[in-house]
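Colleague: predicted model and sequence follow; I will ask about them next.
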Amino acid sequence: MRFVFKTSYDADISLFKHRAQAVWYGLLLLLVLATPLYFVVIGDAYLLGEITGILILAIAGMGLMLLTGHTGLPSLGHATFMAFGCYLNINLLGAGVPWLIAFPLSGLIAGGLGTMIALPVLRLHGVYLALATLAMSMLTSDFVVIAEPWTGGIAGAAVPDINILGMEINRYSTPYKFYYLVLFVTILIVWFYRNLLRTPTGRSFTAVRDSEISARAMGINLTRTKAMSFFLSATAAGLAGALFGHSAGYVTNETFDLVMSITLLLMIVIGGLGFIHGAFFGAIVVGIIPVAIANGRTFLSTTFDVNINVPGLESALFAFILICFILFEPMGLYGRWLKIRTYFELFPFYRKDMFKRQKSYLKTDRVQ
Amino acid sequence: MDFLQLIISGLANGCVYGLIALGFVLIYKATEAVNFAQGDFMMLGAFVCIGFTNHEYMGLNFWLAVPLSILVMGGLGYLFNWGILRHMFGQSQTSIVILTIAMGFIIRFIAGAVWSHEPTSLETPFAGQDIRSGGLVLGIDEVLIVVVTAFLTLVFFLFFSRTRIGLAMQAASQNQLAAYYMGIPVRRIHSLVWGLSGMVAAVAGILFASKGAIDPSTGLLGIKAFAAAAIGGFGSLPGALLGGLIIGLVEPLASRYGPPGVSQIAPYAILLLILIFRPGGIFSQTQRKKV
Amino acid sequence: EQGVTDTEVLIGSNNDLSGPFAAFGAPATKAAQLVFDEVNEAGGIHGRKIRFVVEDHAYQMPKAIQGMNKLINGDKVFAMLLSLGTPMNIAAFKLQDAKNIPNVSPLSAARQMAEPFSPLHYAGTATYYEQIRVGVKYLAEQKGVGNVCAMYLPTDFGKDIKEGAESISAETDGLTYVTETTHKPDDADFVGALQKLSAEGCEIVALALGVRQAITVSGTAKKLGLSGMSFINSSAGFHTVMAKVPGGVTEGMYAAAGWADLLSRMDKPEVQKFFARYTEATGEQLPGSGALLGHSAAETLVKALEAAGPDLNAKSFQMGMESLNYEDVVSGNTVTYSATDHQGADEVVISVIKDGNWMELARQ
Amino acid sequence: MSLLEIDNVTLRFGGLVAVDNVSLRVNEGEVFALVGPNGAGKSTIFNLISRFYDPAEGRIRFDGKDLLKHTADQVPSFGIARTFQNIELFEQATVLQNLLVGRHRHRKTGMLSNIVFSPKAYREELRHREAVEEVIEFLNLQPYRDKMIGGLPYGVRKVVELGRALASEPKLLLLDEPASGLSVEETQDMAFWIEDIQTQMGISVMMVEHDMGLVSAVSGRVMALSDGKELATGTAAEVQSHPAVIEAYLGTGEISKTGTSRA
Amino acid sequence: MNTQNTKPDVVLQIDNLESYYGPIMAIRGVSLKVHEGQIVTVLGANGAGKTTLLKTISGVMDPEKGTVTMEGTDIQSMEPDAIVRRGIVHVPEGREIFPLMTVAENIAMGAYTRKDRSGIAADEEMVYSYFPILKDRRNQRAGTLSGGQQQMLAIGRGLMSHPKLMLLDEPSLGLSPLLTQEIFEIIVRLNKEQKVTMMLVEQNAKVALDAADYGYVMELGRIVMNDAADVLAASKDIQEFYLGVSQDENQRGQRRWKQRKTWR
Ligand SMILES: Nc1ncnc2c1ncn2[C@@H]1O[C@H](COP(=O)(O)OP(=O)(O)OP(=O)(O)O)[C@@H](O)[C@H]1O
Ligand SMILES: Nc1ncnc2c1ncn2[C@@H]1O[C@H](COP(=O)(O)OP(=O)(O)OP(=O)(O)O)[C@@H](O)[C@H]1O
Ligand SMILES: CC(C)C[C@H](N)C(=O)O
Ligand SMILES: [Mg+2]
Ligand SMILES: [Mg+2]
């Protein structure tokens, strides 16, 4: 166990708990910065594209994590906010707004619109909020159709390439640039997120999550706080949507559907609700499993000439793996990560039973 | 006359939503878990019955196949809880939701693999038989749906409010720990209610499939049933039926008298409106915490 | 050239094996694989065996992007075959075109598959748009009626059907496009919609619904006694199961498609062979429309690869494709490609369900 | 003028009159205790002050301002902080974080400066932490500083709740059964704390408590309530010897942990 | 006085019990015996592990080591509902009522394991006679009761199962002095009249020791003292730290800086 002797309040406030942690995250940063090198060496950027996709998922996941994991508001409608971001970005770019302005702006407007939509349902809790946002998700495709002049409706819309001060960025033709761009946005959002959690705003979010009554008694305005969380959350989702558009190249009314919303929720739950790490762990799992399954299948067929072509097997396998993840780690992968860390920190004093799950019992959600 | 016809078919259709919603509510009332796979359970129930009764499969007598498939589905619901959810006892409801979503994928896969992805009809003895009177057409299937749904709702309503085990189910959902302190076998009760909801799913599936064809993606209907359950007030059995009827009626009315597209928006728009003005649905089951 | 070695040519397909269109995607890829197996057993084409890699996107865009990335950047396929879904195909065009990857016989009869003209895009059959135009016109002439309507899903496919019905009505004297209703894949009750169509005097209804829904529509119309209404499907509804619904529920449904129904042509040996091979390999009862499409697309590809010669690249493949002109016995249509025509089978076959079978009425 | 003035307040739940025409004053610098049988309406009066309920009739004024014109989340900004009978802490947060939320009413930076962690936000954060550390020091909470609430014993939670309320630097502290579930020793500590809160911090205290030992040790005036109605008001000794109070509330035995009741 | 000899029939025996919350060891090798017809009290400061001990007995927590034996059968690995059916009922700390059910339904749930209708009805009457306010509020939702009323409900509900052994975790919590007195009278009466064995955790040590036959003192998860209740009550340590009887009562200023008693 590491004992940290804090000598000033700074120590509590700083981004990292102790020096070693800062070093580890520094190394991680170096690693992600250097990742493309590997792909340059092997001369094949295919998997880099998937990694970029994971980062985009993680951005959206962080958005949802803030709302669901830190404010306690479940949402099955985050694909809607992604749609906002994506279409706003397309339209702003189409109107000649430079990407550097259009991109953040589309996130912010998505956040604003998301908040406006969410305002009337902020009183809701638990299942009801989940179902209200689900309804929102179900209506998204209809509204994309209704807003055809801006969205291309059913026929869809092509997403223009990114142009930063004359530098063209496209997912396929310049995969490295696109990776670094997405990475930059990701890191920026992580930094914002961390800041939020160590300041009053973030604390008011978790307060609302843990006890609305207490939060009010401490002077926290529920509606405002929830709206704020929705705004930030939808903004992140909007930015992810805009990036997703760039990575897809073409979007239609069916792109941002309920499945996408569900995937996001799924992601943060198996990643670990209530931890920034959770968004990344979840994105990695959700992003990698399908790639692994697909490549595994191809590998089987090329190397062993075993052709597995059962319709829906991928989805079922994916679902099966998810079930295993949840069964064996209901607190999410972040929980598993903590255990592994504790094991090394306590070595050799770790007891196997240390994390044995104690019996736990739920109480009703219907008393709020 | 047209209008009446519209209402009748709307009611029949609403009952299907109501029946699926009933399945959600059963589970919610007893465990507070939300089963995202209820629609898929229904689909599976229909396919199981098809497997028993259709000629290309086992070709059993329909009236034998129906109870058989209800039993099989009840067993599957029980097993699902026993084999998977039981290990999640006391964990957050969100994890359980994710599990049921994943289960939905697997059920769809199994149904597709066993019965193919193509639409299949259930061979019922009353297929295409109608009662006609004064310009009104009433399918036997529709009559059956209405009768069965009303009956099941009533039975479950009485079960939950009058029987000891029904009360114990409600207790178990409100406070699992306290339920154990009272000696209520909470896990067994969970399995039981999952079994019951599997049976209800089978009934819904059979009735639905007898009204038209069914394929592995039919489970999508579950989403509209969600809306129904929430409109009625998640956790209220009569609410589930009412919510189902509301959606069932609004849809055909909107597509008959509204501009194209409204009928698909309507269920969700109604859900949002109701939740805005009555955050717990019509028969609200929520309560403010006293401090 | 990517995806081509001396011993192998790699073909990709981004398909729906488990989503809403799995009823097309799954059998199509199976049937195509059977064709390739046969070719490979016989030694391949110009010494190259065909390896067919299928990805399942379940009709979801994010998965489709992953699949596309894997096929094109990971596996590095030479050509795409039978990729399903209009938006998925359109999204892929950008990347495929940049990498010179031909797109052959996608499982989408949208107009964008062959328009605007691109040297790399080859549509298999007539478009939905064309199909429904021909079908509506034929029905109107046969029945001597003029009020055209549409029931459709708000997808690209639905849009093509609706626009086809609308445009033919506008162009033809005596035809008027009256009204329309839209639906969602989970709609299960059509009484309101049919009452509306009947109240507004619809006589020909162009359908762009899921197969299950089309069956229900037909049943409901029968029940309500709406005998004055004829329903016409495009190729998406020209499915064998449609005809096989018990109780005669779908009797009298029409379909205008780019090929002819298999069962009505069982006398041809090629058809028999295909039937036998497919049912034996898959254990299914009969090859449906998806299998049919998969088979002909694979045949087209094989023929084009042969015609392209041993020196295989995008250019030679284009030459090969554009030289094709043959009778596809299994599909019952003629496949022609040329430097200006990138749509294989141009005919539209109109059929009707009679006694539980599709029966060919006319073709043009 | 008194700090808190409650005039003729009535609240009904359906047919039940939970608070029946109650009037009371809490003066600046005073410890005022509410006692009474279970269900008398004591917690409900707290909830009325916190604006969780709207009274059917009556006025509630604080510092001369009409509280009824404000919402629950505005109440703390006047300088009113409270604890709950059944403990309402933020379970998934540490003791430190709980106390920091208590500082919410003093926050001066907005969301934006929080997100970018502006120097201003940084300085504010330092100030909050200093204030909170003082509370931790005062209540001897150091051993629990970074512990999750979920794993703390009942008694510690009670103290954390007091700390959270104190962290907001209120003028009036509402304590709902502060000593329930505390051991003798802890109850004595609680008495000392309340005394210090009153005398050294100059905070007025209104408390509900069943331990008459604690009540008589710390409170100036006591009001006894029964069935929503006032029974008696006066010093602890006066109220404790009031026959109606003895009959409805105290009984004959001596029930107090600290053993100093019955002056 | 040696209770072990006078009352040979042990209802509950605990040997070397260890319980954990994840990595935290809350019960560190506790052994004790409860004899039939006894009232046993467990005293201890906050966080001593009293609640954990009761939870481990009633099966809502699994011990990691040690045994809990009821009338000769090991029950430590059983599900809590099975333990209730063997006759142990636990009135928990923090009430744990069913908030959306009415008072009457809550009470009915207390008798879940029983089948004898007349017995149930009689016990219901008994509970209502102990707590008349509950009868008045029969149809009120339990979640809206006042804190003390909920505590009465929890106790009343516990009585409904007609147990052999009752585990009471701070039964007086939140009750008025009058009711606290009554509760202990009820406990003693049930013990005398119906021979219900009681295991009682209380912060109100004076009342608890008055009612109890035997007492255990817990600190930091261990039992540090045990003896007959009157012996304990006379002990100096107990008097000082649990009964608040202090020698230098007037010198508050001094007392508040004194070290807390720990038995380490
Ligand atoms: N939401 C509510 N609905 C109905 N009755 C309520 C509600 N809240 C409180 N009551 C009733 O109002 C009365 C007063 O409750 P209150 O909580 O104020 O009691 P209290 O004096 O704090 O008692 P205790 O000492 O037991 O905490 C009780 O009889 C209670 O049952
Ligand atoms: N859920 C939990 N997670 C982690 N640790 C816990 C948990 N519950 C209790 N503990 C720890 O276990 C120890 C014993 O707690 P327990 O609740 O049994 O004490 P207690 O004697 O009942 O105290 P109190 O008088 O406050 O009720 C304490 O140190 C506490 O910190
Ligand atoms: C197989 C087809 C019905 C697929 C559909 N045409 C689509 O474009 O999405
Ligand atoms: Mg109270
Ligand atoms: Mg305790």
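Modeller: Thanks, I have it. Numbering: from 1, shown residues only, chains lettered A, B, ... in the order given. Ligands and ions are numbered 1, 2, ... in the order given.
Colleague: please enumerate residues in contact with the helix or strand where E:Tyr216 lies?
Modeller: Counting by DSSP states H and E, the secondary-structure element that holds E:Tyr216 is strand E:214-219. For strand E:214-219, the external contacting residues (CB atoms under 8 Å, 6 or more residues apart in numbering or on different chains) are E:3, E:30, E:32, E:38-45, E:48-50, E:53, E:208-209, E:223-229, E:232, E:238, E:242, E:262-264. No exception for glycine: its C-beta is placed from N, CA and C like everyone else's.
Colleague: pull the contacting residues for E:Lys50.
Modeller: So E:Lys50 contacts E:Val42, E:Leu43, E:Gly44, E:Asp169, E:Val201, E:Met218 (CB under 8 Å, 6+ apart).
Colleague: remind me what the helix or strand of chain C at the bottom of the mean pLDDT ranking packs against, helices and strands.
Modeller: In chain C, no helix or strand scores lower on mean pLDDT, DSSP states H and E than helix C:240-243, which sits at a mean of 84. Counting contacts by 3 or more CB pairs under 8 Å, 6 or more residues apart in numbering or on different chains; DSSP states H and E, helix C:240-243 packs against helix C:211-224, strand C:357-363.
Colleague: winner for burial among those?
Modeller: helix C:211-224 (a mean of 23; mean count of other CB atoms under 10 Å in any protein chain shown).
Colleague: tell me the confidence at the residue of the stretch 151-264 of chain E found nearest chain A?
Modeller: Nearest residue of the stretch 151-264 of chain E to chain A: E:Ala154, at 14.7 Å (CB to the nearest CB). Note for E:Ala154: predicted pLDDT of 96.
Colleague: what kind of secondary structure is the residue nearest to it when sequence neighbours are not counted in?
Modeller: In this structure, E:Ala154 finds its nearest non-sequential neighbour in E:Arg95, 4.6 Å apart by CB to CB, 6 or more residues apart in numbering or on different chains. Here E:Arg95 is recorded as coil under DSSP: H, G, I helix; E, B strand; the rest coil.
Colleague: same question for C:Cys149.
Modeller: Three-state assignment for C:Cys149 (three-state DSSP): strand.
Colleague: ok, now which ones touch the residue nearest to it when sequence neighbours are not counted?
Modeller: Of all residues not flanking C:Cys149 in the chain, C:Cys202 sits nearest, at 3.7 Å (CB to CB, 6+ apart). Residues in contact with C:Cys202 (CB under 8 Å, 6+ apart) are C:Asn147, C:Val148, C:Cys149, C:Val178, C:Thr179, C:Met229.
Colleague: hang on, C:Cys202 is in a helix, isn't it?
Modeller: No: counting by three-state DSSP, C:Cys202 is not part of a helix but coil.
Colleague: kindly list the main-chain dihedrals of it?
Modeller: phi -70, psi 140 (degrees, to the nearest 10).
Colleague: from C:Val4, how far off is A:Ser233?
Modeller: Using CB to CB, to the nearest Å, A:Ser233 is found at 48 Å from C:Val4.
Colleague: neighbour count: the two, which is higher?
Modeller: Shown here are A:Ser233 and C:Val4; by other CB atoms under 10 Å in any protein chain shown, A:Ser233 has more neighbours (29 against 20).
Colleague: pretty sure the more buried one sits against A:Gly63.
Modeller: Yes: A:Ser233 is in contact with A:Gly63 according to CB atoms under 8 Å; the separation is 4.5 Å.
Colleague: burial measure for the residue of the stretch 101-250 of chain E found nearest ligand 1, as a count.
Modeller: When scored by CB to the nearest ligand atom, the stretch 101-250 of chain E has E:Gly148 as its residue closest to ligand 1, at 2.7 Å. E:Gly148 sits with 26 neighbouring residues when counted by other CB under 10 Å.
Colleague: part of a helix, is it?
Modeller: Yes: under three-state DSSP, E:Gly148 falls within a helix.
Colleague: gap between the closest residue to chain C within chain A and ligand 4?
Modeller: Chain C sits closest to A:Gly312 of chain A, with a gap of 3.0 Å, by CB to the nearest CB. Separation of A:Gly312 from ligand 4 (CB to the ion, to the nearest Å) stands at 57 Å.
Colleague: same check on D:Glu161?
Modeller: 14 Å.
Colleague: equivalent analysis for E:Ile97, please.
Modeller: When E:Ile97 is compared with ligand 4 (using CB to the ion), they lie 15 Å apart.
Colleague: wait, that residue sits on B:Asn175?
Modeller: Yes: assessed by CB under 8 Å, E:Ile97 is found in contact with B:Asn175 at 7.3 Å.
Colleague: in which helix or strand would I find the spatially most central residue of chain A?
Modeller: With distances taken as CA atoms, centre = their mean, A:Gly61 lies nearest the centre of chain A, 1.2 Å away. Assigned by DSSP H and E, A:Gly61 belongs to helix A:46-64.
Colleague: which other helices and strands does that helix contact?
Modeller: In terms of contacts (3+ CB pairs under 8 Å, 6+ apart), helix A:46-64 is packed against helix A:19-42, helix A:78-94, helix A:175-197, helix A:222-248, helix A:258-271, helix A:276-303, helix C:61-69.
Colleague: what about the longest helix along chain B, distance to the chain center?
Modeller: Assignment by DSSP state H gives helix B:2-31 as the longest helix of chain B. Distance of helix B:2-31 from its chain centroid, counting by CA atoms, centre = their mean, to the nearest Å, is 8 Å.
Colleague: next SSE after that helix?
Modeller: According to DSSP H and E, the helix or strand after helix B:2-31 is helix B:38-53.
Colleague: now that next one: buried residues?
Modeller: B:38-53 (16 or more other CB atoms under 10 Å in any protein chain shown).
Colleague: quick one: which of those is nearest to D:Leu166?
Modeller: Comparing the buried residues of helix B:38-53 against D:Leu166 with CB to CB places B:Gln38 closest, at 49.4 Å.
Colleague: okay, the closest one: pLDDT?
Modeller: pLDDT, read off for B:Gln38, is 95.
Colleague: what sits against it?
Modeller: Per CB under 8 Å, 6+ apart, neighbours of B:Gln38: B:Ile20, B:Gly23, B:Phe24, B:Ile27, B:Ser197, B:Ala201, B:Gly222, B:Ala225.
Colleague: next, format the helices and strands packed on helix A:46-64 as a markdown table and append distance to B:Ile189 and mean pLDDT.
Modeller: A markdown table is the format used below for these (distance: least, CB to CB, whole Å; pLDDT from 0 to 100):
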| stretch | distance to B:Ile189 | mean pLDDT |
| --- | --- | --- |
| helix A:19-42 | 46 | 88 |
| helix A:78-94 | 35 | 97 |
| helix A:175-197 | 40 | 95 |
| helix A:222-248 | 35 | 96 |
| helix A:258-271 | 25 | 93 |
| helix A:276-303 | 32 | 88 |
| helix C:61-69 | 39 | 87 |
